[in-house]
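Novice: Make a model of this:
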Amino acid sequence: MNKLLARLPDVSRHPLSIVFVASLLLSLISLAGMVGPNRDGMLYIETANIFNEEGWTAAKANFDWVFFPIAIALFSRLTGLEAELAGYVLNALLLAGAAASLVAITRRQFPEATTAAIFVALALPGLNEYRFDLIRENGYWLLCLLAVVAALRWQKNRTWSSALLPQFCLGGAALFRVEAVAFLPALFLWGLMLNAPSWKDRLRNAAQLNSLALLGAIASGPFLLVQGFEFTHRLSEYLTAANPFVAKTKFATATQALAAALPSYSVDEVTSILFFGLFSIIPVKWLDMLGIFVIPLAYALRPAQFRDRLATWNLMGYLLLIYTLVLTAFVTYQLFLTGRYVSFLATLTLPLVAVGVHELVTRWPRLKWPVIMLCIVLALSHVISLSKDKKTQFREAGQWLASQAQMHERIYLDSPRTGYYAGKAYRKLRHQSLTPEQIEEAARTGRFEYYVFEIRRKDKDRETWVSSMDLQEIQRFRNQSGDAVVVFQRSPLH
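Specialist: Numbers count the residues shown, from 1 in each chain. Below you'll find the predicted structure:
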């Protein structure tokens, strides 16, 4: 056994290459079991195809933050791959780069934990749980983390020129997700708090790390004042969500709605119920994205080491603080929060998790191989799905519709995922959206000849509702779990 272990490569010699290649292999495994893209992924691929066929204006009309779909489209042209496969390959490269960046950050902040960081980067739920999905977060994570790497390099010489790269990286990250610009204040705070001979030097550090933003504001300010401010819908939404007065109004409206739904004896506590209910979402989901790695994180931050660890990790800490404020604004405005948005909080804590893992196996050497095996099992669990609930019905239904291209002129498509697989002829129909009452009216008046509905196996009410419109079923496509896409035709008796 010892001879076998001696022949294994030393992962500490080339940690970035090893984690990059290992991440790509995991993505390849997930791709082998892929049934089809997620909802957002379908939108990005469709927009990429529109860009390749019709150009920027048409693509932007389909999805306003068009930069990731354009990256897919250009990568598709460059490689000759179809847009869907090109999107997944690009996604895998971006995620592998993010994992390598995290190991690079750990090597700079806690060099002794570099090897542990490799295993954690491949197993941490927050970073790996979405390998099946085509998402913008991978590029956003990569460029934000590269900004951290560049900022740590700037820390050694603190020149104006070396301060440009982290800002460029955040600008690139904003092309994937707009909230990346919120990390500029994190760089400012970090630069302001760095050790320096005087406050003048501290202000210079902070100014260097925000020099592009300051120059941009100075240069564009007069023009914007004269021409007026015009923002895209997405930017307007973000600015509205960041407005504390809007958040206060939203919260008050939600409080009133909740009060109307609660028993009378709970009305006095409705504000507390909503407040703590909303804001508990962030830490609960953050812990969920850490999974079992919350144990080594707690060990790394035990009281004796707490201050020293945070002092070393502090740049990531400022990012975590700012991002928590961003999530707070989002959850107040939207009144919900998905785990994918919180996953970056877990990602930012990875260096500390790696330190905890390293110290646990150093203190208790017998834990080494169980921890390694646990990381391998977790890494594989994120890419191997044993679920029977594979959504094959959408592809099968879409392919059938594609062979019936003439139907698109008289069809109501209440299944965007089916429309994705149906192809170009059904592209515009994916954006149909009628209320149940409008669908019933359309069935009575003969507005459409065919109807396509998604019907889950447990949704008996929807099945009954469709039956009430006297439509004839002509095709049903089921997955192994019984969820279906059903094609109906208007009864000739109408």
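Novice: Mark out where each domain of this structure begins and ends.
Specialist: For the chain, automatic domain parsing gives the domain ranges 2-33+81-381, 392-490.
Novice: Make TSV out of those and add distance to Val66.
Specialist: In this view, the C-beta of every residue, glycine as well, is placed from N, C-alpha and C. Formatted as TSV, the domains of the chain follow (distance: least, C-beta to C-beta, whole Å):
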stretch	distance to Val66
domain 2-33+81-381	9
domain 392-490	16
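Novice: ok, for Leu31, nearest residue in space, not its chain neighbours?
Specialist: Closest residue in space to Leu31, ignoring its immediate chain neighbours: Tyr88 at 5.6 Å, by C-beta to C-beta, 6 or more residues apart in numbering.
Novice: Next, count neighbours for the one you found.
Specialist: Under the neighbour criterion other C-beta atoms under 10 Å, Tyr88 is assigned a count of 24.
Novice: With the one 4 residues further on instead?
Specialist: By other C-beta under 10 Å, the residues close to Ala92 number 20.
Novice: Which parts of this protein are strands?
Specialist: Applying DSSP state E to the chain gives strands spanning 411-414, 450-455, 471-478, 484-490.
Novice: Just put those strands in a markdown table and tack on mean pLDDT, mean neighbour count and distance to Val120.
Specialist: Below are the strands of the chain laid out as a markdown table (pLDDT from 0 to 100; neighbours: other C-beta atoms under 10 Å; distance: least, C-beta to C-beta, whole Å):
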| stretch | mean pLDDT | mean neighbour count | distance to Val120 |
| --- | --- | --- | --- |
| strand 411-414 | 90 | 21 | 43 |
| strand 450-455 | 92 | 21 | 38 |
| strand 471-478 | 91 | 15 | 40 |
| strand 484-490 | 91 | 22 | 40 |
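Novice: Would you reformat these as CSV and include distance to Phe168?
Specialist: Formatted as CSV, the strands of the chain follow (distance: least, C-beta to C-beta, whole Å):
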stretch, distance to Phe168
strand 411-414, 42
strand 450-455, 43
strand 471-478, 47
strand 484-490, 45
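Novice: show me where pLDDT drops low in the protein?
Specialist: Within the chain, the stretches with pLDDT under 70 are 1-12, 220-239, 241-242, 264-268, 387-389, 492-494.
Novice: Pick out the residue closest to the middle of it.
Specialist: Nearest to the mean C-alpha position of the chain, by C-alpha atoms, centre = their mean, lies Glu137 at 3.9 Å.
Novice: Thought Met34 was touching the residue nearest to Leu31, still the case?
Specialist: Yes. Contact status for Tyr88 versus Met34: in contact at 7.3 Å, counting by C-beta atoms under 8 Å.
Novice: List the buried residues for stretch 390-408?
Specialist: Judged by neighbour count using 16 or more other C-beta atoms under 10 Å, the buried positions of stretch 390-408 are 390-398, 400-402, 407-408.
Novice: For Leu335, grab phi and psi.
Specialist: Main-chain torsions, Leu335, degrees, to the nearest 10: phi 60, psi 30.
Novice: measure Pro296 to Leu102 for me?
Specialist: 15 Å (C-beta to C-beta, to the nearest Å).
Novice: Looking at these two now, which is surrounded by more residues?
Specialist: Using other C-beta under 10 Å as the criterion, Pro296 and Leu102 rank with Leu102 on top: 30 against 24.
Novice: OK, contacts around that one?
Specialist: Taking C-beta atoms under 8 Å, 6 or more residues apart in numbering, we find Leu102 in contact with 117, 121, 127, 145, 347, 350-351.
Novice: can you list the residues you listed in a markdown table and add distance to Phe75 and neighbour count?
Specialist: Listed next are the contacts of Leu102 as a markdown table, based on distance: C-beta to C-beta, whole Å; neighbours: other C-beta atoms under 10 Å:
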| residue | distance to Phe75 | neighbour count |
| --- | --- | --- |
| Ala117 | 28 | 28 |
| Ala121 | 24 | 29 |
| Leu127 | 22 | 26 |
| Leu145 | 21 | 26 |
| Thr347 | 24 | 27 |
| Leu350 | 27 | 27 |
| Pro351 | 30 | 27 |
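Novice: ok, these vs Val485, which is closest?
Specialist: Using C-beta to C-beta, Leu127 comes nearest to Val485 of the contacts of Leu102, at 32.9 Å.
Novice: Test my guess that Phe68 contacts Leu175.
Specialist: Yes. Counting by C-beta under 8 Å, Phe68 does reach Leu175; the two are 7.5 Å apart.
Novice: ok, these two, which is more surrounded?
Specialist: The neighbour count for Phe68 versus Leu175, taken as other C-beta under 10 Å, is higher for Phe68 (27 against 18).
Novice: distance of the closest residue in space to that one that isn't next to it in sequence from Gly291?
Specialist: Nearest residue to Phe68, sequence neighbours excluded (C-beta to C-beta, 6+ apart): Arg136, at 4.8 Å. In this structure, Arg136 and Gly291 are 23 Å apart, going by C-beta to C-beta.
Novice: who has more neighbours, these two?
Specialist: A direct count of neighbours by other C-beta under 10 Å for Arg136 and Gly291 places Arg136 higher, at 22 against 15.
Novice: what about Arg108, neighbour count?
Specialist: Neighbourhood size, Arg108 [other C-beta under 10 Å]: 16.
Novice: oh sorry, the question was meant for Glu449
Specialist: The burial count for Glu449: 13, using other C-beta under 10 Å.
Novice: cool, and Leu192?
Specialist: Residues near Leu192, counting by other C-beta under 10 Å, number 17.
Novice: In stretch 18-34, which residues are buried?
Specialist: Applying a neighbour-count criterion of 16+ other C-beta under 10 Å, one finds 18-20, 22-24, 26-27, 30-31, 34 buried in stretch 18-34.
Novice: rewinding a little: between the buried residues of stretch 390-408, which sits nearest Ile455?
Specialist: Among the buried residues of stretch 390-408, and counting by C-beta to C-beta, the member closest to Ile455 is Gln393, at 9.7 Å.
Novice: which residues touch the closest one?
Specialist: Counting by C-beta under 8 Å, 6+ apart, Gln393 touches 477-479, 483-485.
Novice: do Glu441 as well
Specialist: Taking C-beta under 8 Å, 6+ apart, we find Glu441 in contact with Arg447.
Novice: so how far is His408 from it?
Specialist: Relative to His408, Glu441 is positioned 21 Å away (C-beta to C-beta).
Novice: for Leu337, same thing?
Specialist: Relative to His408, Leu337 is positioned 37 Å away (C-beta to C-beta).
Novice: Surely the residue nearest to the centre of the chain is in contact with Ala180?
Specialist: No. The pair formed by Glu137 and Ala180 falls short of the contact definition of C-beta under 8 Å, at 10.8 Å.
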